[in-house]
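Student: need a 3D model of the sequence below.
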Amino acid sequence: MPHISVAGSIATATHGSGVSNGNLATAVIALEFVDASGNIVSLYKEKDGDLFNGAVVSLGSIGVVTNVTLQLHPTFLVKQFVFENLPVDQLNEHFESILSAGYSVSLFTDWQTDSINEVWIKCKADEQDPVAKGHDFYGAKAATKNMHPIASSSAENCTEQMGVPGPWFERLPHFKMGFTPSSGVELQSEFFVPFEHAIEAMKEVAKLRKEIGPHLMITEIRTIAADDFWMSTAYKRKSVAIHFTWKQETDAVMALLPKIEKALEPFAPRPHWGKLFTIPLEVLETRYERMQDFRNLAHKYDPTGKFKNDFLQTNIFGKA
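Tutor: Numbers count the residues shown, from 1 in each chain. Modelled structure (predicted):
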């Protein structure tokens with residue numbers, strides 16, 4: 001979605017979609033920030049290597065970002081297709097092929113049936129369409145109108161579909177700039193598991209469908225390429241994100257999250273830093289091998305803890 005800032009999205013390793021595409025932070029090639037002493041610090045991908053990899057996904061703990069340089073790519077056109085009711089057994093058998101069917105692919109499910117509600121495929125306009133217009137996609141039927149990820153919601157706010165070509169910035173987001181994204185009133189959580197364990201992880205979540213169903217708006221499932229950022233949810237592992245858009249029922253959602261996290265525990269899930277989770281620090285430390293290095297880096301630029309807050313103390317640094 002286009003409704004978040006560049007600095008915020010890279011600081012939390014947000015989003016990204018596609019087996020060859022990293023999260024948004026992977027576009028960064030230079031970073032400038034003001035540290036706790038008021039010094040301006042500039043780091044560069046080519047020159048600063050590992051230090052740069054530690055600083056990009058900073059969770060706001062090293063300073064105030066004042067300048068970001070992004071690697072640009074030639075502009076391109078995108079066509080977006082939506083298919084409905086993908087049989088789960090087809091997904092189980094052809095997972096990698098399905099998630100590789102376009103530049104970006106998202107699966108939307110409410111976990112309540114033996115099918116994926118919607119498959120959104122975004123292809124470069126000069127590439128072959130995922131299937132001939134009007135034909136099945138692994139048993140899923142081509143949508144006959146523009147769709148919203150939550151099927152019962154109006155597609156008015158969604159970007160153009162039905163294979164109509166448009167510039168990348170009007171197709172890669174699910175929602176139009178200037179319109180309310182998602183449902184507009186929700187809670188969110190997201191867990192990243194290794195690509196090779198995605199089907200097993202989804203099966204474990206599906207076992208909780210009766211408990212999840214009353215509180216869920218929709219789940220989105222997508223892939224993210226591995227990267228080298230110390231605190232990235234895709235650090236050193238190609239990942240699949242299981243994202244939950246919840247109704248604003250905070251108590252119920254917070255009670256559900258430990259059950260989902262336990263179901264995913266065999267796959268060492270990493271939670272999205274900017275969304276809801278309850279995984280404790282002692283477990284997070286086992287999921288991020290460079291966490292102590294990151295603490296040292298934060299101390300270098302903020303020795304007195306000026307940028308620390310309750311979230312960082314709880315989930316990164318530990319309470320004194």
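Student: low-confidence regions, the stretch 101-250 of the chain specifically.
Tutor: Applying pLDDT under 70 to the stretch 101-250 of the chain picks out residues 132-134, 179-184.
Student: what are the boundaries of the strands in it?
Tutor: Applying DSSP state E, counting those that start in this stretch to the stretch 101-250 of the chain gives strands spanning 104-109, 115-124, 141-142, 166-167, 187-194, 216-224, 239-246.
Student: buried residues, the helix ranked longest in the chain. List them.
Tutor: Secondary structure of the chain per DSSP state H: the longest helix is helix 250-264. Judged by neighbour count using 16 or more other C-beta atoms under 10 Å, the buried positions of helix 250-264 are Val253, Leu256, Leu257, Ile260, Glu261, Ala263, Leu264. Every C-beta, even on glycine, is put in place using the N, C-alpha and C of the backbone.
Student: find the nearest non-adjacent residue to the third one, please.
Tutor: To tie it back to what came earlier, the one meant is Leu257. In this structure, Leu257 finds its nearest non-sequential neighbour in Thr278, 5.0 Å apart by C-beta to C-beta, 6 or more residues apart in numbering.
Student: and that neighbour, what's its pLDDT?
Tutor: pLDDT for Thr278: 98.
Student: same deal with the one 3 residues further on?
Tutor: Among the per-residue scores, Leu281 holds a pLDDT of 97.
Student: also Ser100?
Tutor: 93.
Student: just the helices in the stretch 1-150 of the chain please.
Tutor: 6-11, 45-55, 88-99 (DSSP state H, counting those that start in this stretch).
Student: adding distance to Arg237 and mean neighbour count, write those helices out as CSV.
Tutor: Formatted as CSV, the helices of the stretch 1-150 of the chain follow (distance: least, C-beta to C-beta, whole Å; neighbours: other C-beta atoms under 10 Å):
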stretch, distance to Arg237, mean neighbour count
helix 6-11, 19, 18
helix 45-55, 15, 16
helix 88-99, 15, 17
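Student: mean pLDDT lowest where, among the ones you listed?
Tutor: Of all the helices of the stretch 1-150 of the chain, the minimum mean pLDDT falls on helix 6-11 (a mean of 90).
Student: run a quick neighbour tally on the residue nearest to Leu257.
Tutor: By the criterion of other C-beta atoms under 10 Å, Thr278 has 15 neighbours.
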